[in-house]
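Novice: from the sequence below, what's the structure:
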Amino acid sequence: MIMAAGLGTRLGEIGKDTPKVLLDINGITVLERILLKLDSHGFNDIIINVHHLAGKIMEAAKELQEKLNVKISISDETGELLETGGGIYRVRDFFAEKPFLVYNGDILTDLNLEKMYEYHKRKGAIATIALRNRKGNRAFLVDDEGVIRGWTNRENNIDIITVEKPMNLHELPSMAISVYDPGIFDFMEKGKYTMTSIILKATTTGRVIAFRYDRGYWVDIGTPEQLENARQLL
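Specialist: Numbering: from 1, shown residues only. Below you'll find the predicted structure:
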């Protein structure tokens, strides 16, 4: 699932007429770059949630489906933006009984998605979150074994720790890419909420794990400065 329903407010004027996934990066839109990456790593049955400028994304998705030979479905949230958790739960039937990948539509990276997916299955995880040692106010708290035990907001000094006894925890921000087992839906319900809140609920199982990737590149195209950085980088 590509999460593409964001309002793009951080982009200012750029985001008013163009959704983030349709921004141009050196002649190729963000959406096409993500679809090419997903397909090359074995993910070719894709659903995209849309809200802001939904019609433009749906039109582009239709063209890209024919061009790239991938199957694309749409979850139309025009009536109400459900945030990440609510948006995923709304289309839970799409994922059947297999683990599934969720990819934010405003990031580009050379992370190997196939390796991350196989790692998730090998570990028997209920959720695997790609994490990176980078700048960011919000971070997951990870123990020495790579198990996610909580979350912190560095800016507001808020810590949510789901372990009973103290342990050594490392602060690692998310890369906005995750793999989930269908069992994650046992922690979810209909509504409007973030996926972070669900991940924290699921940490009580001890099966929410980190897939750390500090090499290569990761770029968020959410602001004009970051967008230009992505163009230079690529």
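
Novice: which neighbouring elements make contact with the lengthiest helix in the chain?
Specialist: Scanning the chain for the helix with the most residues, using DSSP state H, yields helix 54-68. When contacts are defined as 3 or more CB pairs under 8 Å, 6 or more residues apart in numbering; DSSP states H and E, helix 54-68 sits against helix 30-40, strand 45-50, strand 71-76. All C-beta spots, glycine's among them, are computed from the backbone N, C-alpha and C.

Novice: which residues touch the last one?
Specialist: Looking back up the chat, that one is strand 71-76. 35, 44-50, 54, 57-58, 61-62, 64-65, 87, 90-91, 94 (CB atoms under 8 Å, 6 or more residues apart in numbering).

Novice: sort out which of those residues are buried, if you could.
Specialist: Burial of these was assessed by neighbour count (16 or more other CB atoms under 10 Å); the buried members are 35, 46-50, 54, 57, 61, 64, 87, 90-91.

Novice: so after the helix or strand bottoming out on mean pLDDT in the chain, what's the next helix or strand?
Specialist: Using mean pLDDT, DSSP states H and E, helix 13-17 stands out as the lowest-scoring helix or strand of the chain, at a mean of 88. Using DSSP states H and E, the next helix or strand after helix 13-17 towards the C-terminus is strand 24-25.

Novice: give me the angle between the helix or strand containing L101 and strand 45-50.
Specialist: Assigned by DSSP H and E, L101 belongs to strand 100-104. Strand 100-104 and strand 45-50 meet at an angle of 40 degrees, taking axes from the mean of the first three to the mean of the last three CA atoms, to 10 degrees as the criterion.

Novice: what's the following helix or strand after strand 100-104?
Specialist: Downstream of strand 100-104, the first helix or strand assigned by DSSP H and E is strand 107-109.

Novice: contact partners of the helix or strand just after that next one?
Specialist: Scanning forward in sequence from strand 107-109 by DSSP H and E, the next helix or strand is helix 113-123. By CB under 8 Å, 6+ apart, the residues outside helix 113-123 that reach it are 37-38, 41-43, 99, 101, 103, 128, 130, 177, 179, 181, 207, 209, 211.
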